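K.L.:
From the sequence below, what's the structure:
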Amino acid sequence: MDTLAPTEPVTDQPQPPAAPAAEEPQGPPCVMCGKPALVHWMRRPTDEELVAIQRLEQDRRDHALQLADPQLPNPVFPPMPQGADTTVAVYACGPHAIGMEDAALIHSSACTAPNEADLPGHDCIPEKLPTEPPEKPGPLPAHWTSGGQ
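P.N.:
Predicted structure coming up:
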């Protein structure tokens, strides 16, 4: 019976990557202190932010028109974003967060939250939640089937 000679370990084998070091979670920074944010809420954009949003949208549309096939009709775009239908996220760490009930509402563009003097509150009157329930979806089109049939 043949005996196998001991072999040396193969060093050409790729090694698994080292485990990443435990770091603080990364994400958007708190607007007050710059630490990673834990919560966010929405507010309407300021005039300057709305102009920047509209400029980005116009640039996107111009680029789409440049890439459009000249033999086809030009793309049709929806209306430009307006302040009443656009929101901006406000990020905060735990100590700089507003209350949960307030965070569920959309705040005005002039809201200064998070503001050390107002925390955990804010200094604006947020928009009210809709009182009407959302529309119930209609029936599926006849050519759709349910249950994977």
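
K.L.:
Spatially nearest residue to the spatially most central residue of the chain (excluding sequence neighbours)?
P.N.:
For the chain, residue 89 is the residue whose C-alpha lies nearest the centre (Cα atoms, centre = their mean; 7.9 Å). Distance criterion Cβ to Cβ, 6 or more residues apart in numbering; nearest residue to residue 89, sequence neighbours excluded, is residue 40 at 4.8 Å. Any C-beta I mention is one placed from the backbone N, CA and C, and that applies to glycine too.

K.L.:
Assign that neighbour to helix, strand or coil.
P.N.:
For residue 40, the assignment made with DSSP: H, G, I helix; E, B strand; the rest coil gives strand.

K.L.:
what's the weakest-modelled helix or strand in this protein?
P.N.:
helix 100-103 (a mean of 88; mean pLDDT, DSSP states H and E).

K.L.:
which residues touch the helix ranked longest in the chain?
P.N.:
For the chain, the helix with the greatest residue count under DSSP state H is helix 47-67. Residues from elsewhere that reach helix 47-67 (Cβ atoms under 8 Å, 6 or more residues apart in numbering): 45, 74-75, 77, 80-83, 86, 88, 109.

K.L.:
Of all pairs in those residues, which one spans the longest distance?
P.N.:
Greatest spatial distance among the contacts of helix 47-67 (Cβ to Cβ): 74 and 109, at 33.0 Å.

K.L.:
Counting neighbours around each, name which of these two comes out higher.
P.N.:
Taking neighbours as other Cβ atoms under 10 Å, residue 74 and residue 109 compare with residue 109 leading, 17 against 10.
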